[in-house]
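Novice: The following block contains a protein sequence and its predicted model.
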Amino acid sequence: MSAPTEMDLTPPRGVITVHSDIWCSFAHIAIHRLHATRARLGLERQVSFDLRAFPLELLNDAPSPRPGTDSEVARMGSLEPAAGWQLWQAKDWLYPSTTLPALEAVLAAKEQSLSASEQLDLGLRRAFWAESRCISHRKVILDVARDTGAVDVDALTEALDDGRARRALADQAALSATDRITCSPHLFLPDGSHHANPGIDVGWEGSYGIGWPVVHSDDPKVYEDLLLSAATG
């Protein structure tokens, strides 16, 4: 699988491209802040989000370890409580073993509109981080899509049945393995700038899944600047 390293990652005016994984707590914060700040600034018609996959399990050649995500909930949740968080509450065997079906669904929903894809992506993140739902499961993905009220579930089901978004997922996974995309989340703006994990400077105490994140600084206001920079008009 060859990576499209020469691809222009700069989106058109009015679009912010976001490369991320649903398993990533930093991306959960970023996506929440993008939506909340866009609404507060009244920019829903001026800025759209183009969600792309940064599949950590393919980059790490293993599923995301539950101790890692568990270790992030309290610290990252304290930065942005409104995003929705809880330690895993469902049965242990329902903890998702992969996010690839969910990432594929988000890409497939873009056939309908960027808005449909945005709402499905946001719903799946809340389903995992705040509701302890198994987003590996097809029924959960389709239930979340239905709950958004923004996704044509029959059309999404057909897209998942024939796998039409799988090529895009594979291409984005290949791109994620290059130095073009450095982390989840990584945002690209129409002015050619790009921003990795915007506003948050973080380190780790101990190894991932054993230690915990240490946040050195957090500046949510950067999202105002990003959205205003990308907006049309």
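Specialist: That came in fine, so what should we check first?

Novice: Please make it C-alpha for all contacts and neighbour counts, starting now.
Specialist: Noted.

Novice: Next, count neighbours for the nearest residue to T98 once chain neighbours are set aside.
Specialist: Spatial nearest neighbour of T98, chain neighbours left out: S136 (5.6 Å); criterion: Cα to Cα, 6 or more residues apart in numbering. By the criterion of other Cα atoms under 10 Å, S136 has 19 neighbours.

Novice: Can you classify the residue lying closest to R13 once chain neighbours are set aside by secondary structure?
Specialist: Taking Cα to Cα, 6+ apart, and ignoring the residues beside it in sequence, R13 has P190 as its nearest neighbour in space, at 5.2 Å. When the structure is split into helix, strand and coil by DSSP: H, G, I helix; E, B strand; the rest coil, P190 lands in coil.

Novice: Next: the one 5 residues further on.
Specialist: When the structure is reduced to helix, strand and coil (three-state DSSP), H195 reads as strand.

Novice: Where does L107 sit, in terms of helix or strand?
Specialist: When secondary structure is defined using DSSP states H and E, the element that contains L107 is helix 100-109.

Novice: Contacts only, for L160.
Specialist: Taking Cα atoms under 8 Å, 6 or more residues apart in numbering, we find L160 in contact with E104, A105, A108.

Novice: Quick check: the last one touching A165?
Specialist: Yes - the pair formed by A108 and A165 meets the contact definition of Cα atoms under 8 Å, at 5.2 Å.

Novice: anything in contact with each of those two?
Specialist: A159.

Novice: These two: which has the busier surroundings?
Specialist: Set A108 next to A165 and count neighbours by other Cα under 10 Å: A108 wins out with 25 against 19.

Novice: Quick check: pLDDT value at the closest residue to P101 other than its chain neighbours.
Specialist: Taking Cα to Cα, 6+ apart as the measure, P101 lies nearest to S136, with 6.1 Å between them; neighbours along the chain are not counted. Model confidence at S136, given as pLDDT, is 97.

Novice: S136 contacts W93, doesn't it?
Specialist: No - in this structure S136 lies outside contact range of W93 using Cα under 8 Å: 11.6 Å.

Novice: where along the protein do the helices fall?
Specialist: Counting by DSSP state H, the chain has these helices, from start to end: 25-41, 56-60, 66-79, 100-109, 114-129, 138-148, 153-162, 166-176, 222-230.

Novice: From the rest of the structure, what touches the first one?
Specialist: Surrounding helix 25-41, the residues in contact under the criterion Cα under 8 Å, 6+ apart are 20-22, 44, 47, 69, 72-73, 76, 80, 83, 122, 125, 184-185, 197-198, 220, 223-224, 227.

Novice: Give me the distance from it to the chain's centre.
Specialist: For helix 25-41, the separation from the chain centroid amounts to 11 Å (computed by Cα atoms, centre = their mean, to the nearest Å).

Novice: again with the second one
Specialist: In terms of Cα atoms, centre = their mean, the centre of helix 56-60 is found 14 Å from the chain centre.

Novice: quick one: buried residues of it?
Specialist: Buried residues in helix 56-60, defined by neighbour count with 16 or more other Cα atoms under 10 Å: L56, E57, L58.

Novice: Against which helices or strands is that helix packed?
Specialist: In terms of contact count using 3 or more Cα pairs under 8 Å, 6 or more residues apart in numbering; DSSP states H and E, helix 56-60 is assigned the packing partners helix 166-176.

Novice: how about the helix it packs on as CSV, C-alpha atoms only?
Specialist: Below are the C-alpha coordinates for helix 166-176, written out as CSV (Å, rounded to 0.1, in the frame of the first residue of the first chain):
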residue,chain,number,x,y,z
ARG,A,166,-12.8,1.2,2.4
ARG,A,167,-10.4,2.4,-0.3
ALA,A,168,-10.4,6.0,1.2
LEU,A,169,-9.8,4.5,4.6
ALA,A,170,-6.8,2.5,3.3
ASP,A,171,-5.4,5.6,1.6
GLN,A,172,-5.8,7.7,4.7
ALA,A,173,-4.1,5.0,6.8
ALA,A,174,-1.2,5.1,4.4
LEU,A,175,-0.9,8.8,4.6
SER,A,176,-1.1,8.7,8.4
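
Novice: Many thanks, have a good one.
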